[in-house]
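>>> fold the following for me, if possible:
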Amino acid sequence: MNQYIICNMRGAIYSFLFEDGRAVEIHCDRPEQESILGNIYVGRIRDIAKNIGAAFVEIAPDVVCYLPLDEVQNPIYVKKGTSAKPQQGDELLVQVSREAIKTKYASVTTNLTLHGKYLLLTTGNTQIHASAKLGKMEKLRLIGLVKELKQEYARSADANSHKELSALREDVAAPDRGNPRVRKYGWLVRTNAEETDRAVLRKDMERLLALYQSLIQEGTHRMSGSCVLSVPHRWLSRLSDLYDSSTEQFLTDDEELFREMRNYLSVYQPEDLPKLIYSPDAMQPLYKKYSLEKQLDDALSEHVWLKSGGYLVIQPTEALTVIDVNTGKYEGSQKNRQKAFFKINCEAAAEAARQIRLRNLSGIILIDFINMDAPEDNKELLDELENLLRQDPVRTTLVDMTKLSLVEITRMKKEKPLSAQVLPV
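Numbering: from 1, shown residues only. Prediction:
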């Protein structure tokens, strides 16, 4: 059974995602350190750094973020200077796409993304796409449904609907202080939409269009530094980010958390309300029943033991994370060494993929597997690892094996790693 457990523990709100009885994700949210990830602001460009192709955008007093200029697509300006390109003093809508990590600024984007459970509305990519994790036929079916729904809205004869949606038509550009305000948007069908019918997609689309219209109308008349859209608490919004629709239960034993989860699901995911379970038990709270503290401690430990007797050593550094595979307690004959190394490496690959997701590691990750003599064994190992990494909801790429037999992986940075969430520096 796949379960999502939310509880108060160690002075914070912890979220645990279990798949087949094993934790695959852990998140820590502290009330005093509310995340701004996903929030949309009226930002003001403070500086343009041409040498690195970036702008520094102030989204609140003394809160500066990094904006790559080559990623600026269809920007929605609140105030625009004379140049067609972004320039100092411009005010525009930006969304926080990555949290600040240690000495690095938070990153923002002009590609605004509004999240539904089944669809994403995007202002950067204005086409209709579907998650790569969906099968080919299902992808074509869902894209076809979204295209039909989009055309229905465009042809709507209802006067009120036409009036509301006319501002959202892709060919409309409303003047604003002498400069165009772009209204283009596109759709991404999420993995969660698999086997979803037309009516459910339509409802999700209607909610996102209404939210987008409200965002445009309000956001383009707000002052610089204003927060136009504040996303729900991360521990709540993850309820719609559970890519595996087979999650059967949302569990909590905290009355206040239960109430907030119920309110969130009632608005955004009413079809998932039956999954919500309030499970108070003074004798056996959830953190004891599911050994959550041990799960957390294991996810913060440098060493991870494998069933074969081998173990992983996971060491994050400033620039990258290194995962070292060791034979450990394995005792076998010299004759079967290569066969044993292959077995340990395959087990290590599965555990490394799980640990990367569990600890929310990102950036460059190097895995130092046990050296094997047979090229076909290395190829089979890399193929298996690549298949395992595809199951990660965060974009993760196996780059290659280097000449020193190090396997290089990259994983998109969004939230802080678990260690920084639990032990903020």
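>>> what ranges does the stretch 101-250 of the chain have for its helices?
Listed in chain order, the helices of the stretch 101-250 of the chain (DSSP state H, counting those that start in this stretch) span 136-155, 159-166, 198-219, 234-237.
>>> other SSEs contacting the shortest one?
The reference is to helix 234-237. Here helix 234-237 is seen to pack against strand 22-29, helix 255-268 when contacts are counted using 3 or more Cβ pairs under 8 Å, 6 or more residues apart in numbering; DSSP states H and E. Where you see a C-beta, it was placed from the backbone N, CA and C, and this is true even at glycine.
>>> tell me what the closest residue to T397 other than its chain neighbours is bridged to.
Once flanking residues are discounted, T397 sits nearest to T410: 5.0 Å by Cβ to Cβ, 6 or more residues apart in numbering. Here T410 sits in beta bridges with I364, T397, as judged by DSSP bridges.
>>> for T410, what are its contacts?
By Cβ atoms under 8 Å, 6 or more residues apart in numbering, the residues touching T410 are 363-365, 396-397, 399.
>>> in the stretch 1-150 of the chain, where is pLDDT below threshold?
Applying pLDDT under 70 to the stretch 1-150 of the chain flags no residue at all.
>>> how about the stretch 251-400 of the chain?
330-335.
>>> which residues in the stretch 251-400 of the chain form strands?
For the stretch 251-400 of the chain, applying DSSP state E, counting those that start in this stretch gives strands covering 276-278, 303-305, 311-316, 320-326, 363-368, 396-401.
>>> what about the second one, distance to the chain center?
Relative to the chain's own centre, strand 303-305 is displaced by 26 Å; criterion: Cα atoms, centre = their mean, to the nearest Å.
>>> and for the third one?
Strand 311-316 has its average C-alpha position 24 Å from the chain's average C-alpha position, going by Cα atoms, centre = their mean.
>>> pairing partners for that strand, with directions?
Checking strand 311-316 against DSSP bridges gives partners strand 303-305 (antiparallel), strand 320-326 (antiparallel).
>>> can you put the ones you listed in CSV and add mean neighbour count?
CSV is the format used below for the strands paired with strand 311-316 (neighbours: other Cβ atoms under 10 Å):
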stretch, mean neighbour count
strand 303-305, 15
strand 320-326, 19
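>>> any chance of those in JSON lines, with distance to R10 too?
Putting the strands paired with strand 311-316 into JSON lines (distance: least, Cβ to Cβ, whole Å) gives the following:
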{"stretch": "strand 303-305", "distance to R10": "21"}
{"stretch": "strand 320-326", "distance to R10": "24"}
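>>> the host helix or strand of I5 packs against which elements?
Using DSSP states H and E, I5 sits within strand 2-9. Helices and strands touching strand 2-9, by 3+ Cβ pairs under 8 Å, 6+ apart, are strand 12-19, strand 247-252, helix 255-268, helix 286-289, helix 292-300.
>>> which of those sits closest to E206?
With Cβ to Cβ as the measure, helix 255-268 is the member of the helices and strands packed on strand 2-9 nearest E206 (12.7 Å).
>>> helices or strands up against the closest one?
Against helix 255-268 (3+ Cβ pairs under 8 Å, 6+ apart) you get strand 2-9, helix 234-237, strand 247-252, strand 276-278.
>>> let's see that with 7 Å instead.
helix 234-237, strand 247-252, strand 276-278 (3 or more Cβ pairs under 7 Å, 6 or more residues apart in numbering; DSSP states H and E).
>>> can you list contacts of it?
Helix 255-268 has contacts (Cβ atoms under 7 Å, 6 or more residues apart in numbering) with 6, 117, 232, 236, 239-240, 250, 252, 272-273, 276, 278.
>>> let me have those in TSV, extended by neighbour count.
Below are the contacts of helix 255-268 laid out as TSV (neighbours: other Cβ under 10 Å):
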residue	neighbour count
I6	25
K117	22
P232	17
L236	20
L239	22
S240	19
F250	23
T252	26
D272	19
L273	12
L276	19
Y278	15
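>>> farthest-apart pair in those, please.
The widest separation within those (Cβ to Cβ) is 21.5 Å, between K117 and Y278.
>>> could you verify my assumption that F18 touches Q3?
Yes - using Cβ atoms under 7 Å, F18 is in contact with Q3, at 4.6 Å.
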